[in-house]
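Novice: Okay, predicted coordinates and the sequence, questions at the end:
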Amino acid sequence: MNRNTFFFFRELWINLSRNPLMTAAAASTSVISLLTLGISLVFVNNINRLSTEIASQVEIHAFMKTGTDNYQVKSLQDEILKIPQVRRVEYISPDRALDKLQEDLNLDLEMSPEENPLPPGLVIRVGDPRQVGVVADQVKAMKGIDELQYGESILQNLIEISILVKFIGYLMTLLMALFALFTIMNTIRLTVLARKSEIRTMQLVGATAWFIRWPYALEGAILGIIGALIATGMIAIAYYILSGRIQSSFPMVIPMVEPGEMSRRILGTLVAAGIVMGVAGSHMSISRFLTEPNK
Amino acid sequence: MIAFRRVHLIYPADKVHALRDINLEFNKGEISFIVGPTGCGKSSLLKLLYLDVMPSRGKVTVLGRDTYSFKEHEIPHLRRKIGVVFQDFRLLPQKTVFENVAYPLDVIGASRFEINRRVPQVLDLVGLADKIDTLPSSLSKGQEQRVVIARAIVNDPLILLADEPTGNLDPETSWDIIKLLLSIQTTRGTTVLVASHDMATVERSNKRIIRIENGEVTSDRIGVASA
């Protein structure tokens, strides 16, 4: 470790440990700011999860003419799979379709395969739900396809709602990030202001601007990391309890991001945000005190 | 070494004309006392030398260079060659006596070994070897003053500026401090400028005494030793 690095970390330790009240106040502000940012990230992550879930359930049901043979089914399946947006194609035979219908409607019909009026079908899954219309048009034009069903109007509404909700989520996160940046910067500005005279003394005994800046930048980063760790811990515990309750009450209705995965995602983002905000805050706050007269 | 040529200083904030037409020269290794009543401009004269303020008119030369010629990144390097005993001490309150005195050495990147050797030496010289781990808040005014002197001399500066170094001390301790400054000047060849309003102590030194009143030099003479 070079001499200056050792000195900067020692300075950091002195500043944090010999100003316990100031450190506690700055760390609390950092926790609260990052907590609000973290909560909005929880929403955004779950909204994304929900829209992915919705997207994965969007299906096109293509019905073939009655009496289509296996060879024709196979070639249609291959042709559909060549469409780049298509993720999966599943064949539903008339027998399987009848079984499912009986199961859904709770019926027990005595019917031979020859009497089965249902046509053979294909269930097509598309990667991006916004491309469903495009895929449907191409499939409809294929020879051997009799009819298509994919809930066009519902799908359009779902897509629009999910885009709007995502947009609101991202906007909220951006606002929370700005709020956190503003609050953390102001707190650091206050701690720097309290040491304005010390900073001038350091300059007058020959310290360069960077020599003075470094310990403050490290302090900002450490306060950001402390804030991020505590905020993530609090969110992780609350999310574990709440998501457990929501999942047990509405298991199929609301798909949620698993708590461990959520903690990992938030931890990374909040630590990065905490460091950036702390360092930027200290850098901006201290700059105005480092200018020499008439320079 | 140091020169003032037709120097005026007006503080822009309150338009106070702190110094008027100052013309002075100080040679290498010389010790001089600047005396005068409170607010006469003694501190301002010293501040011009460590670039805490810049002259409104005229030219100040330090170590052979016009102070206006220093670029911002060169200023710290100049200050490392000038030790300052500030009137208001300017000790770093969160640092111990040792850490305060070591700061100018940290700034120049001195090794731990060098710092651990040098700091106790100067603290011993100012009589504070037993206060090494004390915070400034637990020191008396006189002790704080000595810590500031120790910090000012720890890296062997070429110029030592002392602003009221005996301001808070009794006459005998004041004379001890003046003797210390005199010994630094003679043993290390340091150029020393001392601002003081304590005429009795200054006269005992038998050195150059410059009197300033209302921002103007009113006399420049050699002190008369009476003790």
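Specialist: Thanks, I have the structure now.
Novice: From residue B:119, how far out is the closest residue to chain B within chain A?
Specialist: The nearest approach of chain A to chain B comes at residue A:206, 3.7 Å away (CB to the nearest CB). Any C-beta I mention is one placed from the backbone N, CA and C, and that applies to glycine too. Separation of residue A:206 from residue B:119 (CB to CB, to the nearest Å): 16 Å.
Novice: And for residue A:223?
Specialist: For residue A:223, the distance to residue B:119 - CB to CB - is 30 Å.
Novice: Give the full set of residues in contact with residue 106.
Specialist: Here I'm looking at chain A. Contact analysis of residue A:106 by CB atoms under 8 Å, 6 or more residues apart in numbering or on different chains lists nothing.
Novice: That was the other one, I meant chain B.
Specialist: With CB under 8 Å, 6+ apart, residue B:106 has these contacts: A:7, B:115.
Novice: pLDDT wise, what is it at?
Specialist: pLDDT recorded at residue B:106 is 93.
Novice: what's the helix or strand for it?
Specialist: helix B:97-107 (DSSP states H and E).
Novice: export that helix as CSV, just CAs?
Specialist: C-alpha atoms of helix B:97-107 as CSV (Å, rounded to 0.1, in the frame of the first residue of the first chain):
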residue,chain,number,x,y,z
VAL,B,97,-1.0,16.7,18.8
PHE,B,98,1.1,14.1,17.0
GLU,B,99,-1.2,14.0,14.0
ASN,B,100,-1.4,17.8,13.8
VAL,B,101,2.4,18.1,13.8
ALA,B,102,2.8,15.2,11.4
TYR,B,103,0.3,16.7,8.8
PRO,B,104,2.9,18.8,6.9
LEU,B,105,5.1,15.7,6.7
ASP,B,106,2.1,13.6,5.5
VAL,B,107,1.5,16.2,2.8
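Novice: Check which residues of stretch A:193-204 are buried.
Specialist: Under the neighbour-count criterion of 16 or more other CB atoms under 10 Å in any protein chain shown, stretch A:193-204 has A:195, A:198-199, A:201-204 buried.
Novice: CA atoms of it as CSV?
Specialist: Extracted in CSV, the C-alpha atoms of stretch A:193-204 (Å, rounded to 0.1, in the frame of the first residue of the first chain):
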residue,chain,number,x,y,z
LEU,A,193,-19.2,23.0,5.6
ALA,A,194,-18.6,22.1,9.2
ARG,A,195,-15.0,21.5,8.3
LYS,A,196,-14.5,24.5,6.0
SER,A,197,-11.9,26.0,8.3
GLU,A,198,-10.0,22.7,8.6
ILE,A,199,-9.9,22.4,4.8
ARG,A,200,-8.4,25.9,4.6
THR,A,201,-5.8,25.0,7.2
MET,A,202,-4.8,21.9,5.2
GLN,A,203,-4.3,24.1,2.2
LEU,A,204,-2.3,26.7,4.1
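Novice: what about that stretch and chain B, touching?
Specialist: Yes - using CB under 8 Å from any CB of the partner chain, we find that stretch A:193-204 touches chain B at A:197-198, A:200-204.
Novice: In strands, which of those residues appear?
Specialist: Counting by DSSP state E, the residues of stretch A:193-204 next to chain B place none of their members in strands.
Novice: how about the helix or strand of chain B with the lowest mean pLDDT: buried residues?
Specialist: Ranking every helix and strand in chain B by mean pLDDT, DSSP states H and E puts helix B:199-204 at the bottom, with a mean of 82. For helix B:199-204, the buried set under the neighbour-count rule, 16+ other CB under 10 Å, comprises B:201-204.
Novice: export those to TSV and tack on distance to residue A:76?
Specialist: Shown next, in TSV, are those (distance: CB to CB, whole Å):
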residue	distance to residue A:76
B:201	109
B:202	109
B:203	114
B:204	113
